[in-house]
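> okay, here's the prediction I keep looking at, along with the sequence it came from:
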Amino acid sequence: MLSTLTALLLILPLLAAGGIALGPARTSKWIATIASLAVFAVALAFSWGFPGWTDGSIAPSDLGLSVMPSLGINLTLGADSVGVMLILLTAFLMPLAVIGSFTAVVDRQKEYYAWFMLLEAAMIGVFLARDAIVFYTAYEFTLVPMFFLIAIYGGAERRPASIKFFLYTFLGSVLTLAGVIYIAAQHALAHDGAWTFDLAALATFASSELSNTQQYWVFVLLMIGFAVKVPFFPVHTWLPLAHDQAPTAGSVILAGTLLKLGTYGVYRIALPTAPVGGVELDQFIAVLCIIGIVHAALICWVQTDAKKLVAYSSVSHLGFCMLGLFALNSVGATGSVLYMINHGLSTGALFLCIGMIYERYHTKDMAQLGGLFKVMPVWSFFMVFFTLASLGLPGLNGFIGEFLCLLGCFSAEPNSVAGYPGLLGPWYALVAGSGLVLAAMYLLIMLGKLVWGPLKEPHHDAHATTQSGSSLPADLSPREIGILVPLALVCLAIGVYPKPMMEAIAPSVEKTLAAYPKLVDRYVQDGSLVAPRVDMGQGVARAQPVGSE
Amino acid sequence: MMPWTTSLAATDAQTINAALLVSALLFTCGLVGFLTRRNMIIMFLCTELMFQAAALALIAFGKVHQDLSGQVFVIFILTVAAAEAALALGLVVLLYRRRETLDSEAWSELRETS
Amino acid sequence: MLPRAEVVVRGRSVAGTLGQPYIPNLPRVGACSPREPENTAVAASGSRAGPLVFLAFLVSHMSPNLSSTASHLSDAVALPDPLLGHLSMLPTALLETAAVVPSAFLLTGAVAICAVGLVLLMQPGQQSLRLGGTVLGLAGFAMLIVEVLKRAVPAGADGGIPPVFPVVFGLLAVVGAVRVMTNPRPVFAALYFMLVVLAGGGMFLLLDAEFMAFALVIVYAGAILITYMFVLMLAQQSPVAGVGEAWYDRMPREAISGVIVGFVILATLSDAYFSPKAQIARDTTMVESAHAGTVASWQRLASMPKLLLETARVANPAVVSITSFDPETGRLDAVLTSGASEQITLPPSMMPDNSRQVGVELVSRFPAGLEIAGVVLLMALFGAVILARKQIELGEDERRTIAGMRRLTVEGEAGGSSATLGANR
Amino acid sequence: MLDPASIQPAVVSIPAAIPSPEFAWAGLILLLPVLAAVLSTICGARGVKGKLPGAITSIALIASFVTTLMLFLRLPDDAPRTVHLFDWVAFAWSGTAPNTSFLAPFALYVDSLTLLWMLFVTGLGSLISIYATEYMEADVGKGYARFFASVAFFLFAMGALVMGGNLIVLYLGWEGVGLASYLLIGYFYTKPSAVAAAKKAFIMNRIGDLGLALGGFLIWTNYGTVEYDALFKAISSGAAPAANASAWGAWAIPYCLMLGAFGKSAQIPLFVWLPDAMEGPTPVSALIHAATMVTAGVYLIARMFPLFSLDPNALLVVACVGCLTAFVAATIGMAQYDIKRVMAYSTVSQLGYMFLGLGVGTTFGAVYHVFTHAFFKALLFLCCGAIMHGMAGQLDLRKLSGVRTVKGFGIISWTFFIGCLCLAGFPFTAGFFSKDTIIAQAFASGNPTFAWLGWVALFTAFLTAYYTFRVWFRVCAGPQKYEAGDEVHSHDDGAHDAHGHDDHGQAHGHAHGHAHGHAHGHAHSHAAAHAHSHDWHPHGPRWAINGVLLVICIGALLAAVPSYNGELQHKPNWVETMVAHSSAASGIPSHEHAAHGHEAGAAAHHALSFTGIEDVHTATSVVASAVGVLGICVALWFHLLNRTAADKLRAALLSNGLTRWLPLLLENKWYVDEIYHAVFRLPSWFLGHVLHFLDKQLIDGLLVNGGARVPVELGRLFQPLYNGALQGYAATMAGGIALIAAWVFWIWMHGG
């Protein structure tokens, strides 16, 4: 039963994409809506029957299809609790994104919705993958629909944005693939040519049998690809551009789920596979996180384009997410996973809100808009609501993740009593915490410009018609409210009662971080797990037979 | 062996080395000429130079191996050179009649527009 | 063919083994006192004397026996042109440098010098540069040939009489080749190509490939080059007064990159050919295959019974028939007119001549190749006929003009000056 | 530094809390306001035109108050109770003890301190919401629902802050009240100044919140829990925090918490938001920015006093900051003309007193001052609001005079007067007792630093009396003279018409049966052409405002009763008892004990010995009374009897180069805003631009696009080889062959 549902999760969107492509254009949005709702229903059913909520195990564990036996590549599907949550998030956001595009997209609808369905399949594929190659394939395949969504339906600079998005993330993930293949090759070497790409097997092998130096470099390789996707501080510049240019629904999915592929990759692959690298680079990455948090927050401050502001805020927020992950303790990682989901909800919702404004005024420029509360109180309510969720108001979803990330970072000290020793500490948390203040700053500035203040509308087409000519109501239409209400309810529900989620995440986190306490202790004692120079040379020497054989 | 070849007492090894060097130089000249000259006829002449070089090298190595295959292959080279001369020069004439120039760059429009 | 018992690394160490520093016996051009030129022809050639000076120097350098002659010759060459005098110093200096440069880099360095010379030579309209290029190129060639010939001589062995003919033919061929590729006038290029062919034929002769030498001259000089000449007559505009040759003949394109590419190949080839390892391999092969070559020759003779009989008769006119022939030894059992059988050992000089051997080789070992060559020629014939048909009435631009399309060539772009083109049209 | 005798670490063990599921109904105290908020929001969304949201909220808040009262009455003993409502943030992991879980259930921690706070919070909340039903009626159908939803939400958040059983719930309330404050300050959202003030308040509070969060983190890392009960248990058991649990160590906890408290309670350095917060409707100023929310910092420190009492230096810092704030704010308050701002600065100043009290170790004094201050400051604000309401938004004390005699303003004026008396510390008023407790403790502690602070506090008391009565004498006394405020005008952008402001409803005519019917039609039809001088009249408030004023006035007077009990009848002061039974008393000797100790030890030579009074408390009372009365007299002279003298004095000060700075500094609020702008805001803003530039040009432009251009440029480098001419291709081919040949040769030479 679970296997059937798992397969359905992948097959349904693919079928829907096919149906949209074959059917007439006017039915495409309905097919997409129905299919995405169906996928959501399936995802709900799947999570209902999912047995791994309490122990962090992966289920279904028996669904597989041998693709390339000689290389041990199998189409194995299954997810742990974190994966299921992200699947739920994807399946939840997708119908909203689809419905949100009804009036925004009028040209080339067939392709649009078909790409969306493919995107959904790919993203679910990533979260379902138990095989590294399947993971990578799905991971990369998400780029294709997104590329077209941006390149065809985006703003004025959509071409460069889409190309940059594609190339940048692709380049990064190629290195990830290299890392994966390296591990697999080492595995084959160590096990008489028995190739496998099973994620669990690779992780077990790499974390236990690879030398420290090898793990270090493997981690670097894996990390690069994921860091681009996250997006991590120095490699984040594709994101504002892509967000700025993407269509609203594309931005929603991009922020909501696509970025989570990066953090999920770090969580699911990089951290458990090469723990030595994780420890060795922990502080470096944390520093980058913090720089990213503050840097992006300060940039948000001076943005005039609302969408860019939210995009940069994503960079800042995901810095928190990564920081929590790299606290390497249960608190931080649990917070980080929560943050993934919550950021998806609240930022996705913000993008939706801004998209609604854009549909009405054809501008996202905060200098041209203002005081919209007067004409759009309902929209303003949601805008304020999601902004508050985004800045981490307790009681809404953003808070707990952020709080736990910071707490994890704060308590991640070598002699921490928090169960897991870590390498960060209060100073990291203090500087990162300034991001909270700055987040309040820029988000409230955005609110102050868009929602509050004297009414200001662009003169030329205040409440003009949409592209299709059908006019939108001044305030939100029932359809739009219908999109935002579920989001708001979920935000509130998570904020008020996050316990089940945290309890489901915790065991998975423990599995991911199982290797870390010991390594951190050793790191603290020795100052480094990878001795410089000498060991590196040995590492190279060890690696050489691989190439020659 | 022909007596006069050894009259100046060049050893075979020296002759062969000289021949190989000349062959390499001829080939280089031919290649460089082919790459740098614009006149199509001279480009073909330069290919002939390269043929020459190849022929010389074949014969020199034939000498090294005491094998006549090298010389036989020179015959083939001659054949190909003759055929090439016939066809290529015919083409050159045609091309010239189209553009009234022998400049090979006049025919560069097949490139990818940059 | 010198069997070598041992081969040591050649180069500077050679001089060391001889117990004296390796100082080339160089003509001291600048230091010599002016004398009456004995060779007036050389002296009269004036500034064109460079190559000859080199030749003389080469010869002198190669052979200690001839060194006096050479120095005599070089002394005899008075250099009236101070510029040339200085330029002539250059190769001397280069050679002196070469003496102290490790031999491993010698070839490469010489190749690089050649490359620079060639680049200079390719500069259109810059007489002095081209002169310098000539000098540099020749110097490079000299260094190359000296080093290469030195490497052919095993360490400690006497080089013997210097190989004048290979050097002369080589020089001619190379000079011809360089002129082919640098001469702005295609006709002259073709003629220089003839020089290359002739010099190449000479090299063929030196390599005991008489048949190929003459075939080459006949086919190339006689047939192919003539075709080129015809085509040039058909296609080439004559130089216009005041403008000279067509611009595309004057201006080489991307000379430097082309030269770099070419000389990378040259450097590789020369290193590959003349590295000690290759040299040893080649020498060894020659020694090892000497016997096989003789055997192969005798076998070819054996495959021509009539010729074998005739050959045997040369050795012994009384031979009537041959009962057996051993190619290994060149020994044959012949039946004499007397009815007696005799064993005759044929001397190597009685091997069949080169053309016969090649012929036998061609038909016996490469019949298919022969056929294919024939087919190629036939196809070329067809192709030529088809191409030669009167098929294009108008130039492309004319047809484009008629069709109302844009002209492809701009006035004055193609060949010659616009005035010429305008006149032609 | 601090006399170790006065504060002994953990001498008072805090009684363990009793889990009391039977009190789960106490959750109603929080739930009712939430319900009210939701219902009000729905009313707003449905476009209800009427006072329904106000009614809902008032009823809910009254119900909440009643529930609190019931809780107060039903608690059988003084032991704290915990009421676990539901699990909020809770998860566990395997690991080494003690921290294998993070538990922050949504639980209530009910002790006497909680109840004290909740009583006046819900009580005043109810009263003020009743007041607001009338006060906000101009906005009925527009912002009315929003206002009451926010107020109700505020009450919920404040309740969570006070009643929450752990620091995380406190944090929830902490940020929640910040949000409510944000929404309410920015209530008149079309006014850019209001929006800016709201933003400023939230951000300033966020800085404090960060401190609170860090303090919470530290507590968790050191003690393994954030729940009060477990935390107090750990502290009072004397168990030292886990050694080196954090790089910062347990010592940093009070400082982090302090930052949070300073943010919320508007202390230096984070006090600048509170005066700006007066952009909000006056009931909000009264409720949030005077009576309740701003005392959250005091509550925090009082609640966490066990932690503070471990570190005398931290308390010293609190005392110094409090005293400094009190003084600075009082000086600024002297020079303001906007009566709401004067009140705002007086709030900051009084909050400073409270922190001084906490710092010198009299949590009772601090809490008692909170309690009394809540009443009289709410009263003062409501009076200000009522005047503003009646005078069409006029707040400038130069333009108001003799309001006392205007018809309908009698109750306002006299309740105002009583509030002023309390604030000025007139003898035997509530403010007098609570303030004296604090100042006396400063002298009594025997610590010279504290004595200095006591002197400053005394001087500040004089200033307080002066500026308080400056307002009253200017506004209520003297010849009758008034000008209408700006709210009778139509606002320039037109967005304000009949929508945005709290007080213009009356002038613009709402059919409430008042006597200005003839003006109403006018106001509605052409607000812009409205000439106020002809058809505008001040109007007094009706029953709701007057009634609430009276009730609170009585409350303010009654707030002194516990002190009468304590001081005069030598019965236990019940406020003191309540404080003493809570965690706020931890580390402080009980009152009797302290009194005896001081009478024995420090009596002979306390700082006020010159008065000849041995008991330091009595001496303080006498001196403070004198100072207060002196301040009132000065105000009387300058602002009622000889009003021109004040202006002359100002002019004299301004004309003298040496003293010019004084009025300028005070009137410009010590230039703190400007300094913050120049030191923090502008550089960060500039840094933002710089980073944005770097992000675009350096990271994206140079590194990313530049990196991407490398292959492009490489391609361009070789592009001439592919220009369509044959030789280019040939050259590449030959070059490739050459390289391959070289490679093959290399391998051949050097062995493969």
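Alright, I've got the coordinates.
> got the confidence number for D:Y676?
Note for D:Y676: predicted pLDDT of 86.
> which helix or which strand is home to it?
helix D:672-676 (DSSP states H and E).
> check the offset of that helix from the chain's centre.
19 Å (CA atoms, centre = their mean, to the nearest Å).
> what do you get for stretch A:357-367?
26 Å.
> closest point of the stretch 1-150 of chain A to chain B, which residue?
A:F147 (23.3 Å; CB to the nearest CB). Using the backbone N, CA and C atoms, a C-beta is placed for each residue, glycine as well.
> what's the average pLDDT for the strand or helix carrying A:K260?
Following DSSP H and E, one finds A:K260 within helix A:259-265. Mean pLDDT, helix A:259-265: 91.
> the helix or strand where C:E342 lies pairs with which strands?
Element membership for C:E342 (DSSP H and E) is strand C:341-345. Paired neighbours of strand C:341-345 in the sheet (DSSP bridges): strand C:331-336 (antiparallel).
> now D:V318. Nearest residue, chain neighbours left out?
Nearest residue to D:V318 in three dimensions, chain neighbours excluded: D:G359, at 3.8 Å (CB to CB, 6 or more residues apart in numbering or on different chains).
> how about A:A161?
Here the residue nearest A:A161, using CB to CB, 6+ apart, is A:Q245, at 3.7 Å.
> relative to chain D, how far out is that neighbour?
14 Å (CB to the nearest CB, to the nearest Å).
> tally of neighbours for that residue?
By other CB atoms under 10 Å in any protein chain shown, 24 other residues sit near A:Q245.
> my read: it touches A:G154, true?
Yes: counting by CB atoms under 8 Å, A:Q245 touches A:G154, with 4.0 Å between them.
> which neighbours do these two share?
A:A161, A:S162 (CB atoms under 8 Å, 6 or more residues apart in numbering or on different chains).
> now do the buried residues in whatever helix or strand A:I31 lives in.
Assessed by DSSP H and E, A:I31 sits inside helix A:25-49. Across helix A:25-49, burial judged by 16 or more other CB atoms under 10 Å in any protein chain shown covers A:28-29, A:31-33, A:35-36, A:38-40, A:42-43, A:45-47.
> ok, now which ones touch the nearest residue to C:R250 once chain neighbours are set aside?
Spatial nearest neighbour of C:R250, excluding adjacent residues (CB to CB, 6+ apart): C:P124 at 4.5 Å. Listed by CB under 8 Å, 6+ apart, the contact partners of C:P124 are C:P184, C:R250, C:M251, C:P252.
> state the pLDDT value of A:E549.
36.
> err, D:S349, not the other one
90.
> now swap in D:N222 and tell me
At D:N222, pLDDT is 81.
> can I get the CA coordinates of the helix holding A:K260 in PDB?
Extracted in PDB, the C-alpha atoms of helix A:259-265 (Å, rounded to 0.1, in the frame of the first residue of the first chain):
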ATOM      1  CA  LEU A 259      15.900  25.800  -2.100                       C
ATOM      2  CA  LYS A 260      15.100  23.100   0.400                       C
ATOM      3  CA  LEU A 261      16.700  20.600  -1.900                       C
ATOM      4  CA  GLY A 262      20.000  22.200  -1.000                       C
ATOM      5  CA  THR A 263      19.500  22.100   2.700                       C
ATOM      6  CA  TYR A 264      17.900  18.600   2.500                       C
ATOM      7  CA  GLY A 265      20.900  17.500   0.500                       C
END
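> so which elements touch it?
If you count contacts as 3 or more CB pairs under 8 Å, 6 or more residues apart in numbering or on different chains; DSSP states H and E, helix A:259-265 packs onto helix A:81-100, helix A:109-128, helix A:132-141, helix A:212-229, helix A:306-325, helix A:330-361.
> can you do 10 Å?
Judged by 3 or more CB pairs under 10 Å, 6 or more residues apart in numbering or on different chains; DSSP states H and E, helix A:259-265 is in contact with helix A:81-100, helix A:109-128, helix A:132-141, helix A:158-190, helix A:212-229, helix A:306-325, helix A:330-361.
> which is the next helix or strand following that helix?
Helix A:259-265 is succeeded, C-terminally, by helix A:271-273 (DSSP H and E).
> residues making contact with that next one?
A:132, A:179-180, A:183, A:199-200, A:202-207, A:210, A:215, A:218-219, A:222-223, A:226, A:265-266, A:277-279, A:325-326, A:328, A:333, A:509, A:511-516 (CB atoms under 10 Å, 6 or more residues apart in numbering or on different chains).
> of those, grab the buried ones for ChimeraX.
Typed into ChimeraX, the line below selects the buried ones among these, using 16+ other CB under 10 Å:
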select /A:132,179,180,183,199,200,202,203,205,206,207,210,215,218,219,222,223,226,265,266,277,278,279,325,326,328,333,509,511,512,513,515,516
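> do the helix holding D:Y676 and chain A meet?
No: applying CB under 10 Å from any CB of the partner chain, one finds helix D:672-676 out of contact with chain A, separated by at least 13.2 Å.
> what would the helices and strands packed on helix A:259-265 look like in TSV with distance to D:W746?
Shown next, in TSV, are those (distance: least, CB to CB, whole Å):
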stretch	distance to D:W746
helix A:81-100	51
helix A:109-128	45
helix A:132-141	36
helix A:158-190	27
helix A:212-229	29
helix A:306-325	46
helix A:330-361	51
